[in-house]
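[1] A predicted structure for the sequence below; I have some questions about it.
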Protein chains: 2
Amino acid sequence: MDNHDKKRALIIEAATKRFAHFGIAKTTMTEIAKDLSLSKALLYYYFPDKISLYAAVLESIAKKMFTKIQQGLKDMDISEDAILYLIDMRLAFTMKYYNLFDQGLNSLTEMPDELARVMQLVGNLEIKILAEIFKKANQREELRVEDPTQTAEIFLNAMIGMRFCVLKDKKVMFLPTKEEFDEISKMQKKLAVIFLNGLRFQKQS
Amino acid sequence: MDNHDKKRALIIEAATKRFAHFGIAKTTMTEIAKDLSLSKALLYYYFPDKISLYAAVLESIAKKMFTKIQQGLKDMDISEDAILYLIDMRLAFTMKYYNLFDQGLNSLTEMPDELARVMQLVGNLEIKILAEIFKKANQREELRVEDPTQTAEIFLNAMIGMRFCVLKDKKVMFLPTKEEFDEISKMQKKLAVIFLNGLRFQKQS
DNA sequence: TTATTGACTTTTTCTTTCAAATTTTCAATT
DNA sequence: AATTGAAAATTTGAAAGAAAAAGTCAATAA
């Protein structure tokens, strides 16, 4: 990693703190520059605009998240364990970086291309992880999954969608509490158990 | 039904046309009055305010929808048939009255009590119908469902949630096309099949 | 007594304007 | 190549005023 990349990483690190805590709207480039004792103009030397910096932050977080999850999944054999673990990790990350991802969730109206790209990347990674779990279980004849990727998509959409529904019912629209997150997680796990049972391999008689 | 109720019904009918087509925000009381060749003041004689009229419209639609669904379910025995039918009917109604229900879906910010009540009523009715299907299948030992109501809630949230996800992915925020609705419906059905399979009764060996 | 209305008031929404905040650019400097 | 201060361009937010819509009420008709 050369000097240029190092400084870039430093900027991303500082920006992450601000963005994760206050979200993109309530964070100014001036503040990030001050945190680093740099001039604002320098930020624009490293990143073409605010959105790009934000996207870089998202990408960095996403990468961290997925290496960590992959790590944890390495030696899990039973698919149910793997998926419940996945749900827990999703919860942990969602809670920690809520404001970060929030932006993209709400204002579907006008998401810049750069962001859309990163967001999609995140989604695809999750699907890949899930599909991987399904494939593994398929080979071990624990589950019977015809199309792992599609099944992963269905499951993920259902699970993420549940969150919307629960929050809507509760009329919570920002900063859900620990309790609310826990309730969502509990429902997601119940769905997961039934769903997995529905995929369970049955020996032909 | 006395005269008063008849006129009320007439107003609801006219209001339904406007609301279903343009939504509550883009429909004025004056327009509804004009459609009926009445004065606006008379609308306020029958309904205390715009929201109440809107709620009455919702309630009337919901009732129609649920009697129709109940009707169709009457002589369906296999739970999978029943649920796939339910999904089709939901789709048909959602498409027909999209703008009507839209309002409540989007602006969670500030839903008047009256509306919240009706919306909840609709949700509860759906849960009841689903739970009923589960109970029936339970008794016939087709499925094994410990807590039908809770299971219905989980399933419904997952299914409705899927819609959010698909529309968000496609960046559609109003007036989804027939194709988009169909895609959602297709995914919901796949989820339903797996989910039901997960609940399937297995004889103890 | 109930149903209906036109004219009126109040509230909400939309438009415009303008200053301040923020992003973004750039020529000069290290 | 990295960095900066100062300035241009853009976005945001508040204020004011106009227009539209919601909601009220005393008078009238049936």
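    That came through, no problem. Numbering: from 1, shown residues only, chains lettered A, B, ... in the order given.
[2] Contact partners for A:F22?
    A:N99 (CB atoms under 8 Å, 6 or more residues apart in numbering or on different chains). C-beta: built from backbone N, CA, C; applies to glycine.
[3] give me phi/psi at it?
    As for A:F22, its main-chain torsions (degrees, to the nearest 10) stand at phi -110, psi -10.
[4] Can you pull the poorly scored residue ranges out of chain A?
    Chain A contains residues with pLDDT under 70 at A:102-111, A:173, A:201-205.
[5] quick one: the helices in it?
    Using DSSP state H, the helices found in chain A span residues A:3-22, A:29-36, A:40-46, A:50-73, A:79-96, A:98-106, A:113-139, A:148-169, A:178-199.
[6] which stretch among these comes nearest B:M95?
    helix A:148-169 (18.8 Å; CB to CB).
[7] sorry, back to before: single out the most deeply packed of the helices of chain A.
    Mean neighbours per residue, mean count of other CB atoms under 10 Å in any protein chain shown, is largest over the helices of chain A for helix A:148-169, with a mean of 22.
[8] hang on, A:R117 packs against A:S52?
    No. A:R117 is beyond contact range of A:S52, at 10.8 Å (criterion: CB atoms under 8 Å).
[9] Skipping its backbone neighbours, what lies nearest A:E183 in space?
    A:V166 (6.4 Å; CB to CB, 6 or more residues apart in numbering or on different chains).
[10] Kindly provide the distance from A:D81 to DNA strand D.
    As judged by CB to the nearest atom of the strand, to the nearest Å, A:D81 and DNA strand D stand 45 Å apart.
[11] Tell me how far that residue lies from B:I154.
    Going from A:D81 to B:I154 by CB to CB, to the nearest Å gives 20 Å.
[12] list the contacts for the closest residue to A:L199 other than its chain neighbours?
    Counting by CB to CB, 6+ apart, A:L199 lies nearest to A:L143, which is 4.5 Å off, once chain neighbours are set aside. By CB under 8 Å, 6+ apart, A:L143 lies in contact with A:S79, A:F134, A:A137, A:L196, A:L199, A:R200, A:F201.
[13] again, 10 Å this time
    By CB atoms under 10 Å, 6 or more residues apart in numbering or on different chains, A:L143 lies in contact with A:79-80, A:133-137, A:151, A:196-201.
[14] ditto for A:H4
    Neighbour list for A:H4: A:Y45, A:Y46 [criterion: CB under 10 Å, 6+ apart].
[15] Next, work out how far apart it and A:L36 are.
    15 Å.
[16] A:A55 contacts A:F47, correct?
    Yes. Proximity of A:A55 to A:F47 meets the contact threshold set by CB atoms under 10 Å, at 9.0 Å.
[17] OK, contacts around A:M162?
    Contacts of A:M162 by CB under 10 Å, 6+ apart are A:184-185, A:187-188, A:190-191, B:153-154, B:156-162, B:164-165.
[18] repeat for A:L58
    By CB under 10 Å, 6+ apart, the contact set of A:L58 is A:12, A:16, A:19, A:24, A:97, A:100-101, A:103-104, A:114-115, A:117-119, A:121-122.
[19] Ok, A:L196 next?
    A:78-80, A:82-84, A:133-134, A:137, A:142-143, A:155, B:194, B:198.
[20] Let me know the closest of these to DNA strand D.
    In terms of CB to the nearest atom of the strand, no member of the contacts of A:L196 lies closer to DNA strand D than A:F155, at 35.9 Å.
[21] In a markdown table: the helices of chain A, plus distance to DNA strand C.
    Shown next, in a markdown table, are the helices of chain A (distance: least, CB to the nearest atom of the strand, whole Å):
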| stretch | distance to DNA strand C |
| --- | --- |
| helix A:3-22 | 10 |
| helix A:29-36 | 4 |
| helix A:40-46 | 3 |
| helix A:50-73 | 4 |
| helix A:79-96 | 23 |
| helix A:98-106 | 13 |
| helix A:113-139 | 11 |
| helix A:148-169 | 20 |
| helix A:178-199 | 28 |
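[22] Can you tell me which of those is nearest to B:I61?
    With CB to CB as the yardstick, what comes closest out of those is helix A:148-169 (19.8 Å).
[23] got the angle for the closest one vs helix B:148-169?
    Here the directions of helix A:148-169 and helix B:148-169 differ by 110 degrees (axes from the mean of the first three to the mean of the last three CA atoms, to 10 degrees).
[24] Output helix A:148-169 as CSV, nothing but the C-alphas.
    The C-alpha atoms that make up helix A:148-169 are tabulated as CSV, following Å, rounded to 0.1, in the frame of the first residue of the first chain:
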residue,chain,number,x,y,z
PRO,A,148,-29.4,-22.0,-4.3
THR,A,149,-29.0,-18.5,-5.6
GLN,A,150,-32.7,-18.0,-6.2
THR,A,151,-33.6,-19.6,-2.9
ALA,A,152,-31.1,-17.3,-1.2
GLU,A,153,-32.7,-14.3,-2.9
ILE,A,154,-36.2,-15.4,-1.7
PHE,A,155,-35.1,-16.0,1.8
LEU,A,156,-33.1,-12.7,2.0
ASN,A,157,-36.0,-10.6,0.6
ALA,A,158,-38.4,-12.2,3.0
MET,A,159,-36.1,-11.6,6.0
ILE,A,160,-35.2,-8.1,5.1
GLY,A,161,-38.8,-7.3,4.3
MET,A,162,-39.9,-8.5,7.7
ARG,A,163,-37.9,-5.6,9.1
PHE,A,164,-39.8,-3.1,7.1
CYS,A,165,-43.1,-4.6,8.3
VAL,A,166,-42.3,-4.7,11.9
LEU,A,167,-40.9,-1.2,12.0
LYS,A,168,-43.9,0.1,10.1
ASP,A,169,-46.3,-1.6,12.5
